[in-house]
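Novice: I'll drop the sequence and a predicted model, then ask my questions.
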Amino acid sequence: RRNGIIKKAREISILCEAQVSVVIFSSSGKMSEYCSPSTTLPKVLERYQTNSGEKLWDAKHESLSVEIERVKKENDNMQIELRHLKGEDLNSLYPKELIPIEEALQIGLTSVRDKQMEIWKMHKKNEKLLEEENKQLTY
């Protein structure tokens, strides 16, 4: 039956030159869909909402949409900041804007050097332990 309904939707789309969209959920939860080649499901739903005056999205979905936009803007700002930290796009910045970037880079460099020193000391310690173990094994 599902295939028959989708077949009829295709026929209506072709014969009537209509924009048709069908979404079917089976009792097991499997989804089947058909959408006219000239459109997409979101466009059909948006058009339905405009013509019927019914809101398909409740306040929760609206707030999620706002949250998504906020996260996208935050992501864009972080991408710009990352490019600045990499030394890219610095020509557009004023000297006062360069100071925090320089400080962040100095702090990062100090952290990297501290970690490097920690690893170097650990390797030296392991080297000494291995030398002593080697001496004991040779005796």
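Specialist: That came in fine, so what should we check first?
Novice: which stretches of this structure form helices?
Specialist: Along the chain, counting by DSSP state H, helices occupy 2-15, 41-52, 59-85, 95-138.
Novice: in a markdown table, list those along with distance to Lys30.
Specialist: For glycine as for every other residue, the C-beta is placed from the backbone atoms N, C-alpha and C. Output for the helices of the chain, formatted as a markdown table (distance: least, C-beta to C-beta, whole Å):
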| stretch | distance to Lys30 |
| --- | --- |
| helix 2-15 | 9 |
| helix 41-52 | 17 |
| helix 59-85 | 24 |
| helix 95-138 | 51 |
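Novice: looking at these, which is closest to Ser28?
Specialist: For the helices of the chain, the distance to Ser28 is smallest for helix 2-15, at 11.7 Å, taking C-beta to C-beta.
Novice: the closest one: how far from the chain's middle?
Specialist: Offset of helix 2-15 from its chain centre (C-alpha atoms, centre = their mean, to the nearest Å): 36 Å.
Novice: check stretch 129-139 too.
Specialist: How far stretch 129-139 lies from its chain's middle: 53 Å, per C-alpha atoms, centre = their mean.
Novice: other residues contacting it?
Specialist: Applying C-beta atoms under 8 Å, 6 or more residues apart in numbering, stretch 129-139 has no contact partners.
Novice: and if you look at stretch 69-86?
Specialist: Stretch 69-86 is touched from outside by Asp89, Leu90, Leu93, Ile101, Ala104, Leu105, with contacts defined as C-beta under 8 Å, 6+ apart.
Novice: what about 6 Å?
Specialist: Residues outside stretch 69-86 that contact it (C-beta atoms under 6 Å, 6 or more residues apart in numbering): Asp89, Ile101.
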